[in-house]
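Undergrad: No letters, just coordinates:
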């Protein structure tokens, strides 16, 4: 579904420029950009019509999104949501594995018992979503689980660095969660990670997080054989 179809008119109670940016950013983050048939092209006129505003704040928002690396603006060609190539995805997953595995190690030292208990309850609450095949709900919970580990590390720079990969990791996990038996495997992995965190075993927690993320890497490497990056998407968009 094109991004514009998911948008609603903007309320005049908000600062138009900032709110337009936030609405478009949230819509992009909610896209399944790694679906092979994803429509990555953003039509400025269509967006303005869907939001019920002029094209000027749309252009300003798209310029900010380009600065954040979420879209690419090509003169006389159009605006496209940035999608990485398969090779770039594999590198991002490896980088995320390194960052989150260190976060898990630090979390064994800095997270409180109450924070780890909250993480366990959160994981248990959403494990049934995977069992019921409510993959969209579980996918969102899965992403939040990994963000929480980064937060529990107590290292702000580590989390900020990971945040730079967040949009793409979110989209990668969203697509992968519905493939093979990854949802059920994810639930089991999460519980093992929590057990290592609760045991305050930094080596084990780090290893389990790394192995969990590298299983995603192996899955992408093995099955995402036809995925192409932004350049191919532009070529297929009728430019």
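TA: Done, it's in. Quick caveat: nothing in here was measured; it's all calculated off a predicted structure.
Undergrad: any idea which residue sits dead centre in the protein?
TA: Centroid-nearest residue in the chain: residue 170, 1.5 Å away (criterion: Cα atoms, centre = their mean).
Undergrad: Quick check: which element contains it?
TA: Per DSSP states H and E, residue 170 falls inside helix 166-177.
Undergrad: do residue 126 as well
TA: With DSSP H and E as the criterion, residue 126 is inside helix 113-131.
Undergrad: Show the average pLDDT along the helix holding residue 170.
TA: The predicted model gives helix 166-177 an average pLDDT of 85.
Undergrad: cool, stretch 200-210 as well?
TA: 98.
Undergrad: What of stretch 225-232?
TA: Per-residue scores along stretch 225-232 average to 58.
Undergrad: coming back round to it: quick check: angle from the helix holding residue 126 to helix 166-177?
TA: 40 degrees (axes from the mean of the first three to the mean of the last three Cα atoms, to 10 degrees).
Undergrad: mind showing which ranges of the protein have poor pLDDT?
TA: Low-confidence segments of the chain (pLDDT under 70): 1-14, 129-135, 226-239.
Undergrad: Show me the strands in it, by range?
TA: 41-42, 71-74, 78-81 (DSSP state E).
Undergrad: Let's have those strands in CSV, adding mean neighbour count and distance to residue 62.
TA: C-betas here are computed from N, CA, C, even on glycine. Output for these, formatted as CSV (neighbours: other Cβ atoms under 10 Å; distance: least, Cβ to Cβ, whole Å):
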stretch, mean neighbour count, distance to residue 62
strand 41-42, 20, 7
strand 71-74, 17, 6
strand 78-81, 20, 5
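Undergrad: export these to TSV and tack on distance to residue 58?
TA: What follows is the strands of the chain, written out as TSV (distance: least, Cβ to Cβ, whole Å):
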stretch	distance to residue 58
strand 41-42	9
strand 71-74	12
strand 78-81	9
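Undergrad: Quick check: end-to-end length of stretch 30-42?
TA: End-to-end distance for stretch 30-42, by Cα to Cα, to the nearest Å: 14 Å.
Undergrad: related to what we said a few turns ago, which helices and strands does the helix holding residue 126 pack with?
TA: helix 135-152, helix 182-198 (3 or more Cβ pairs under 8 Å, 6 or more residues apart in numbering; DSSP states H and E).
Undergrad: Out of the ones you listed, flag the one nearest residue 216.
TA: Nearest of the helices and strands packed on helix 113-131 to residue 216, taken as Cβ to Cβ: helix 182-198 at 7.9 Å.
Undergrad: That closest one vs helix 166-177, what angle?
TA: 120 degrees.
Undergrad: can you pull the buried residues of helix 182-198?
TA: 182, 183, 186, 187, 189, 190, 193, 194, 196, 197, 198 (16 or more other Cβ atoms under 10 Å).
Undergrad: Would you format these as CSV with distance to residue 152 included?
TA: As requested, those are exported to CSV (distance: Cβ to Cβ, whole Å):
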residue, distance to residue 152
182, 24
183, 23
186, 19
187, 20
189, 17
190, 14
193, 11
194, 11
196, 13
197, 8
198, 12
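Undergrad: Next one: residue 165 relative to residue 142, how far apart?
TA: 15 Å (Cβ to Cβ, to the nearest Å).
Undergrad: An error on my part: the question was meant for residue 35.
TA: From residue 35 to residue 142 the distance is 17 Å (Cβ to Cβ).
Undergrad: now do residue 195
TA: Following Cβ to Cβ, the distance that separates residue 195 from residue 142 is 18 Å.
Undergrad: residues touching residue 185, list them.
TA: By Cβ atoms under 8 Å, 6 or more residues apart in numbering, the residues touching residue 185 are residue 215.
Undergrad: before we move on, back to that, show me what the helix holding residue 170 is packed against.
TA: Helix 166-177 sits against helix 16-29, helix 86-110, helix 135-152, helix 182-198, helix 202-223, with contacts defined as 3+ Cβ pairs under 8 Å, 6+ apart.
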